[in-house]
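> Provided below are the primary sequence and the corresponding predicted coordinates.
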Amino acid sequence: MPKFAANLTLMFNELPFLERFKAAADAGFSAVEYLFPYDYPPQLIAEKLAAASVNQALFNMPPGDWAAGDRGLASLPERSAEFKKSLAQAVAYASIIGTPLLHMMAGLAPSDQPEAMATYLDNLKHAADATGAIGIGLVIEPINRRDMPGYFLNDFDRTVDLIHNLGHPNVRLQFDIYHRQIMHGDVITALRNLAPVIGHIQTASVPWRHEPTTGELNDLLIFREIDAIGYCGFVGCEYRPMAKTEDGLGWLQLV
Ligand SMILES: O=C(O)[C@@H](O)C(=O)CO
Ligand SMILES: [Mg+2]
């Protein structure tokens, strides 16, 4: 059975963010992830993790101005200086919170634009060096165009080619089953083929992004496959509960 991490950005929304750590632990999760910790002092988050005795699985680098529509900065040539500051902030938070992985969001830019690609590769290498220097892995995630129109990384094969071409030992793939199914399908074969490059996995039902086992995929078979490929990391539960979070956790008993 895979080890599951509660995604505290989407789950336990009945509670204020800082109370979600204990709620996840009480519900049986041994780890948590979330998009962004930057509204809170990192020491406070480290305290919440310790008090709840849960592991930190992953969080994202700052994405720019999310409310204004930013979805990362890494592919935006005119925002390189801001990207470097965001990397420094992520590294500072990661050093205090303690996380095995950071996710670097790419931003909204045409994926076939040479300038955007050159900027992205430069920033990716820079971020991989900086996170590697403190023992933290860097992951990048293809995201489907329906949820995030215009996102730079919008194709699994291209993302994997990019990781191979970069050849940096600290950059791996964030395989979000929900995005994979919407973009390409063929989830189990992709898990098998991409196992050597996968750094993190996330799950949600398709197409509604609710609890696993409530959508079009055979999630239980997929979880068995995750074990079969020898994946040892956490599987982030990046889903929007259909109702109260605890009331929807029955799927965990089926795994
Ligand atoms: O799948 C997603 O949307 C997330 O994993 C993320 O990091 C960006 O929203
Ligand atoms: Mg995801």
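In hand now; what should we look at? Ligands and ions are numbered 1, 2, ... in the order given.
> To what extent is Gly215 buried, counted in neighbours?
Look at Gly215: counted by other C-beta atoms under 10 Å, it has 18 neighbours. For the C-beta atoms, the positions are set from N, CA and C on the backbone; glycine is no exception.
> again but with Val171, I slipped
The burial count for Val171: 23, using other C-beta under 10 Å.
> residue contacts, Leu102?
Leu58, Phe59, Asn60, Met61, Ala90, Ala94, Ala127, Thr131, Ile136, Gly137, Leu138, Val139 (C-beta atoms under 8 Å, 6 or more residues apart in numbering).
> my guess is the second one meets Met105, correct?
The reference is to Phe59. No - in this structure Phe59 lies outside contact range of Met105 using C-beta atoms under 8 Å: 11.2 Å.
> which of those two has more neighbours?
Met105 (27 against 23).
> Just to check, that one is in contact with Pro63?
Yes - using C-beta under 8 Å, Met105 is in contact with Pro63, at 5.1 Å.
> Common neighbours of those two, please.
Arg71, Gly72, Leu73.
> how about these in CSV, adding distance to Met242, secondary structure and neighbour count?
Shown next, in CSV, are these (distance: C-beta to C-beta, whole Å; DSSP: H, G, I helix; E, B strand; the rest coil; neighbours: other C-beta atoms under 10 Å):
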residue, distance to Met242, secondary structure, neighbour count
Arg71, 26, coil, 18
Gly72, 29, strand, 31
Leu73, 33, coil, 29
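> So which of those residues reach ligand 2?
Contacts with ligand 2 are made by none of the shared contacts of Met105 and Pro63, judged by C-beta under 5 Å from the ion.
> Pick the one among those residues closest to ligand 1.
The nearest member of the shared contacts of Met105 and Pro63 to ligand 1, counting by C-beta to the nearest ligand atom, is Arg71 at 7.1 Å.
> ok, now which ones touch that closest one?
Pro63, Gly64, Met105, Ala106, Gly107, Leu108, Met148, Tyr151.
> Near ligand 1, list only the ones from these.
Contacts with ligand 1 within the contacts of Arg71, counted by C-beta under 6 Å from any ligand atom: Met105.
> what pLDDT does the closest residue to Val197 other than its chain neighbours get?
Leaving out its chain neighbours, the residue that sits closest to Val197 by C-beta to C-beta, 6 or more residues apart in numbering is Leu173, at 4.9 Å. For Leu173, the pLDDT comes out at 99.
> For the protein, which segments count as strands?
Ranges of strands in the chain, per DSSP state E, are 3-7, 31-33, 55-60, 101-103, 137-140, 171-176, 198-203, 234-237.
> Could you save the ones you listed as TSV and add columns showing distance to ligand 1?
Listed next are the strands of the chain as TSV, based on distance: least, C-beta to the nearest ligand atom, whole Å:
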stretch	distance to ligand 1
strand 3-7	8
strand 31-33	9
strand 55-60	5
strand 101-103	5
strand 137-140	9
strand 171-176	5
strand 198-203	6
strand 234-237	7
